[in-house]
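>>> got a structure for you, letters missing:
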Ligand SMILES: [Zn+2]
Ligand SMILES: [Zn+2]
């Protein structure tokens, strides 16, 4: 799969399907995308490469983990293309909206992890079948969190 920034200076490629897809509702992702959430297609680093251009990097210390998160963005048009993580050095998290085919991977609820939903903006729709995590996929100790699987769609911030 290929992706690129708005102006086309930076083009990247990833082999195969993402190993994990997260839909992240945390405040970092809300602020960094300027949207309601980030759809993050996570690829193993060895399956990801830059084809043209050289993005700039913004380093941000995560309030949650205290670790560095690196945003790779285009110097010319400002598009954010992917994340790399001090906490998960083997992974690259692609801003899925930059893929040439945003539907080139399975983004159905069974393949997707809805994370940091405790921080989701009001009126965000979580689909039926979504595996919902209040925070990250794993706790600070690295232990995997057991998600809640929604039996019906939920709209955040409107229920009891
Ligand atoms: Zn660009
Ligand atoms: Zn996030």
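Sure thing, it's come through. Nothing here was measured: the structure is a model prediction, and the numbers come from that model. Numbers count the residues shown, from 1 in each chain. Ligands and ions are numbered 1, 2, ... in the order given.
>>> Residue numbers of this protein in contact with ligand 1?
Remark: the part of the chain in contact with ligand 1 comprises 5, 7, 9, 74, 76-77, using C-beta under 5 Å from the ion. No exception for glycine: its C-beta is placed from N, CA and C like everyone else's.
>>> at 8 Å what do you get?
Remark: the part of the chain in contact with ligand 1 comprises 4-10, 53, 74-79, using C-beta under 8 Å from the ion.
>>> all helices of the protein, in order?
If DSSP state H is used as the criterion, the helices of the chain fall at 27-33.
>>> Let's check: the centremost residue of it is which one?
With distances taken as C-alpha atoms, centre = their mean, residue 40 lies nearest the centre of the chain, 2.3 Å away.
>>> My read is that it contacts residue 83, right?
Yes: judged on C-beta atoms under 8 Å, residue 40 makes contact with residue 83 at a distance of 7.0 Å.
>>> which neighbours do these two share?
A shared contact of residue 40 and residue 83, defined by C-beta atoms under 8 Å, 6 or more residues apart in numbering, is any residue touching both; here these are 93, 95.
>>> Surely residue 29 touches residue 38?
Yes: contact criterion C-beta under 8 Å: residue 29 and residue 38 qualify, at 3.7 Å.
>>> From the residues of the chain next to ligand 1, which land in strands?
With DSSP state E as the criterion, strands contain residue 4 from among the residues of the chain next to ligand 1.
>>> Which entries within the residues of the chain next to ligand 1 meet the buried criterion?
Applying 16 or more other C-beta atoms under 10 Å to the residues of the chain next to ligand 1, the neighbour count classes 4-5, 9-10, 53, 74, 79 as buried.
>>> Would you check that residue 73 makes contact with residue 82?
No: contact between residue 73 and residue 82 fails when scored by C-beta under 8 Å: they sit 9.0 Å apart.
>>> picking up where we left off before, contact partners for the residue nearest to the centre of the chain?
So, once contact is read as C-beta under 8 Å, 6+ apart, residue 40 ends up touching 21-24, 29, 83, 93-96.
>>> Determine the number of other residues adjacent to residue 135.
A count of nearby residues for residue 135, using other C-beta atoms under 10 Å, gives 15.
>>> I should have written residue 13 there, sorry.
The local packing of residue 13 (other C-beta under 10 Å) involves 15 other residues.
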